[in-house]
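> Predicted model follows, preceded by the sequence.
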Amino acid sequence: MMEGLLRATVEAIHSSPTQAVLYVSGGASQALGHLMSVPGASNTVLESVVPYSRMSMIQLLGRIPTHFASQQTAEEMALLAYNRALKLSNPGSPVLGVGFTGSLASTRPKRGDHRFHLSTRTSDRLWASTVTLSKGLRTREQEEKVSSLCLLKAIAYACKVPATFVSELTESEVYEECEKQFNEDEELEQLINGQICFKVYPFSSEANKSNADRKIILSGSFNPLHDGHLKLLDVATSICGHDGYPCFEISAVNADKPPLTVSQIKERVKQFERVGKTVIISTQPYFYKKAELFPGSAFVIGADTVVRLINPKYYDGSNQKMLEILGGCKRTGCIFLVGGRNIDGVFKVLEDLEIPEELKDMFIPIPAERFRRDISSTEIRQKAENIELSD
């Protein structure tokens, strides 16, 4: 009976759209086995990591934790897993970060409690729990089983599916739970503060249907979004043979300007909601950082951006540094689809530019006969401002 209920829960998890990364240490290893042994695991599990040694945990967290088995550590693991899941997931899929750390029965008696801490992080919710087990009641294997069942229940809850199996805790072994809900403003604040790496607004009707690993990304400030942007991304997607998920991207942090405020981000996002196009908000203004965040992507850029990308001036005057940094982008599998732009009053396409031989295969032209629009967002904005002034 128990096995049937457990399997049904795992099947429901795999049938949900949620994709997860799990960081598990010090227990609950059977939960990974349950997830992986039921068909459909690839729908759910993006990655599972067991940072079991002291040094492994330190490298994962980037610091020495005050306590390796603690609620704070579990929450940090869940947040790291959530950010990792964002990078690995299909565009528009809900993602889940899972953290677990425990101090269970071992070969030697322990002075402290036998306990475990688990946490789950989604876009709008951080949930954490601590369970203190009755010391001496179970073997290590039995404590593994109980902690695994509790972790599976937490995953099911985060995936919004029922978990009808019992966790086998006694009456004295009760969850100590806490939960934080985030609204959109709070999530954007977390983004600006660097807690989360990006936020996806999957407004496209195809967002949840796409299994494409590659993103086709048009980055910009989109102040305002105009028809030229929409047409450019459509043409770029066509050039890619529709093998990829098209989306726009705005960096809340700009290399030369103050960061966008939450209200400014929300105003710009509304434009994409009106036209039903997916937009990603990140904090990476530089393309070499975008390549790390979105490996394997096709970035849609103008010829004017290419001029800056290959100019050693922006790499401390070093041509070698420029080649190394863009070579790093190339190694992530990223490419650049290049549209023509006015440069110093002259319309130029990719073929007019001198691309270093080592980088030529990274850049793919968008023919001018397929897309050409000479007006920019800045010019549209200035025209709108002039009309307002004349009124």
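On my side now, so go ahead.

> was I right about L60 contacting V21?
No: contact criterion C-beta atoms under 8 Å: L60 and V21 do not qualify, at 11.6 Å. For every residue, glycine as well, the C-beta is placed using N, CA and C.

> what sits in contact with each of these two?
Jointly contacting L60 and V21 under the rule C-beta atoms under 8 Å, 6 or more residues apart in numbering are V49.

> Which pLDDT value goes with the residue lying closest to L188 once chain neighbours are set aside?
Nearest residue to L188 in three dimensions, chain neighbours excluded: V262, at 4.7 Å (C-beta to C-beta, 6 or more residues apart in numbering). Looking at V262, its pLDDT stands at 98.

> what about G33, is that helix, strand or coil?
helix (DSSP: H, G, I helix; E, B strand; the rest coil).

> Can you give me the distance of R370 to V346?
20 Å (C-beta to C-beta, to the nearest Å).

> And those two? Which one has more around it.
Neighbour tally, R370 and V346, criterion other C-beta atoms under 10 Å: the higher count belongs to R370, 15 against 8.

> So the nearest residue to Y314 once chain neighbours are set aside versus G27, what's the distance?
Nearest non-adjacent residue to Y314, counting by C-beta to C-beta, 6+ apart: R308, 6.1 Å away. Counting by C-beta to C-beta, the separation of R308 from G27 is 51 Å.

> next one: A20
A20 is 18 Å from G27, by C-beta to C-beta.

> what sits against P51?
By C-beta under 8 Å, 6+ apart, P51 lies in contact with Y23, S25, M57, Q59, L60.

> can you check V235 too?
With C-beta under 8 Å, 6+ apart, V235 has these contacts: G339, I366, R370, F371.

> Just give the nearest non-adjacent residue to the second one, would you?
Excluding its sequence neighbours, the residue lying closest to I366 (C-beta to C-beta, 6+ apart) is G339, at 4.3 Å.

> tell me the pLDDT at the residue nearest to I250 when sequence neighbours are not counted?
The shortest distance from I250 to any non-neighbouring residue, by C-beta to C-beta, 6+ apart, is to I281 (5.5 Å). Confidence at I281, expressed as pLDDT, is 98.

> Contacts only, for I281.
Contacts of I281 by C-beta under 8 Å, 6+ apart are L188, L191, F198, K199, Y201, E249, I250, S251, A252, I265, V269.

> With S29 instead?
Taking C-beta under 8 Å, 6+ apart, we find S29 in contact with V50, E144, S148.

> Which strand or helix spans Y23?
strand 19-25 (DSSP states H and E).

> mind listing what that strand pairs with, with the direction of each?
strand 45-49 (parallel), strand 95-103 (parallel) (DSSP bridges).

> ok, and for stretch 61-80, which residues are buried?
Within stretch 61-80, the residues that count as buried by 16 or more other C-beta atoms under 10 Å are 61, 65, 68-71, 73-80.

> Would it be right to say that E141 lies in a helix?
Yes: using three-state DSSP, the assignment for E141 is a helix.

> any idea how far it lies from G27?
E141 is 11 Å from G27, by C-beta to C-beta.

> immediately after the strand or helix carrying E267, which helix or strand?
According to DSSP H and E, E267 maps onto helix 262-275. Later in the chain than helix 262-275, the nearest helix or strand by DSSP H and E is strand 279-282.

> ok, that next one: who's next to it in the sheet?
strand 198-201 (antiparallel), strand 245-251 (parallel).

> Just the helices from the stretch 101-250 of the chain, written as ranges.
140-158, 184-192, 227-239 (DSSP state H, counting those that start in this stretch).

> Including mean pLDDT and distance to S37, could the ones you listed go into a markdown table?
A markdown table is the format used below for the helices of the stretch 101-250 of the chain (pLDDT from 0 to 100; distance: least, C-beta to C-beta, whole Å):
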| stretch | mean pLDDT | distance to S37 |
| --- | --- | --- |
| helix 140-158 | 96 | 12 |
| helix 184-192 | 97 | 34 |
| helix 227-239 | 95 | 38 |
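
> Which of these sits closest to V10?
Evaluated with C-beta to C-beta, the helices of the stretch 101-250 of the chain place helix 140-158 nearest to V10, the distance being 7.1 Å.
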